[in-house]
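Participant: no sequence on this one, just coordinates:
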């Protein structure tokens, strides 16, 4: 039986499992080998330095806490183990960081070159002083040099111009673009209006301005004083019609091309019509084809012979938080150009009317 089994087993071919050792391929190029060698040498050198530093730290701590040390750490090995663990953890973290970041390009600080080894005159080798700029919706400002190979487009920022009266403070005059002399002050105000761009702002600084002729406006503009309560505080902006001027103070005219314009706005001033020395006058007079959405806010209309405000056409005019006092005519007069051209949607809100003929008068067709 045994021989029979042995004969059957001999029929099977013996197979030999062959294993082939895979040889590790060398580094592909010399550059990679050099990087590895440099990194390895650095780690070894750094490790030796840490070990020496560790021994020095331990001795320093032991000498410094010669009396307290035995109580805090009954076993010296316990203290050494804790400190060793902390240092090893720090060394391990540092090593990981070096491996992760080695060879990664870092951005150069402002003012550095992109190529540290370049020579003056080479590409990307210009060292410049760092410049800091601020971009906003309507402004561009900053310090340093600015160069562009393209074009910068946009609308010019709305300018601001300051006008001072003859009796304004020294500080006000110091920051003013125009200084009135107390006679025919509409000349300086008109110069400011003519020089300012569309949507610009004119500030009439606190003081008294003598007006002897019309001030003409033919584009969108913002004119503001520094308060309407001139009589009680003596610190507002007052425009007073000169004796025998017999004219309107502000006249709204069409543009040079004959087109209307949006949002002329006036606020924070006291307008004196000097009715005792004038036979006819209005503070604001709208000529046909001029302003749309005219805004009057926080203005004291005092002593006018005619209606302080005359509107002839267009829509959405607003008169808010104004005072009408000592006027011989109505506060607001609506005078349509024709039956088909007339003011629409005029808003009078939160106004004070006293010793005046009335609040509103109309002639012809209007739509309120």
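Facilitator: Great, that's in hand. If you're wondering where the values come from, they're calculated on a predicted model, not measured in any experiment.

Participant: what mean pLDDT does stretch 281-295 get?
Facilitator: For stretch 281-295, mean pLDDT rounds to 93.

Participant: give me the buried positions along it.
Facilitator: Buried residues in stretch 281-295, counted by 16 or more other CB atoms under 10 Å: 281-287, 289-295. Just so you know, the C-beta spots here come from the backbone N, C-alpha and C atoms, and that holds for glycine as well.

Participant: in strands, which of the residues you listed fall?
Facilitator: Here DSSP state E is the test, and those give 284-286, 291-292, 295 as lying in strands.

Participant: for residue 358, state which of the residues you listed is nearest.
Facilitator: Set against residue 358, the nearest of these by CB to CB is residue 284 (17.5 Å).

Participant: ok, now how distant is the closest one from residue 178?
Facilitator: As judged by CB to CB, to the nearest Å, residue 284 and residue 178 stand 21 Å apart.

Participant: which ones are touching residue 334?
Facilitator: If you count contacts by CB atoms under 8 Å, 6 or more residues apart in numbering, residue 334 has them with 311-312, 342-343, 346, 360-363, 366.

Participant: ugh, wrong one, residue 178
Facilitator: By CB under 8 Å, 6+ apart, the contact set of residue 178 is 161-164, 188-189, 191-192.

Participant: which among the residues you listed gets closest to residue 173?
Facilitator: When the contacts of residue 178 are ranked by distance to residue 173 (CB to CB), residue 164 comes first, at 4.6 Å.

Participant: can you name the residues bridging to that closest one?
Facilitator: residue 179 (DSSP bridges).

Participant: out of the ones in strands among the buried residues of stretch 281-295, which comes closest to residue 268?
Facilitator: Nearest to residue 268 among those is residue 295, at 11.9 Å by CB to CB.

Participant: in space, what's closest to the closest one - neighbours in sequence excluded?
Facilitator: Once flanking residues are discounted, residue 295 sits nearest to residue 265: 4.1 Å by CB to CB, 6 or more residues apart in numbering.

Participant: I'd say the one you found and residue 292 touch.
Facilitator: No - in this structure residue 265 lies outside contact range of residue 292 using CB atoms under 8 Å: 11.8 Å.

Participant: can you lay out the buried residues of stretch 281-295 as a markdown table showing distance to residue 253?
Facilitator: Output for the buried residues of stretch 281-295, formatted as a markdown table (distance: CB to CB, whole Å):
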| residue | distance to residue 253 |
| --- | --- |
| 281 | 17 |
| 282 | 14 |
| 283 | 16 |
| 284 | 12 |
| 285 | 10 |
| 286 | 9 |
| 287 | 5 |
| 289 | 8 |
| 290 | 6 |
| 291 | 9 |
| 292 | 13 |
| 293 | 16 |
| 294 | 13 |
| 295 | 18 |
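
Participant: what segments of the stretch 151-300 of the chain are helices?
Facilitator: Secondary structure of the stretch 151-300 of the chain by DSSP state H, counting those that start in this stretch: the helices cover 170-174, 186-195, 230-233.

Participant: many thanks, we can stop here.
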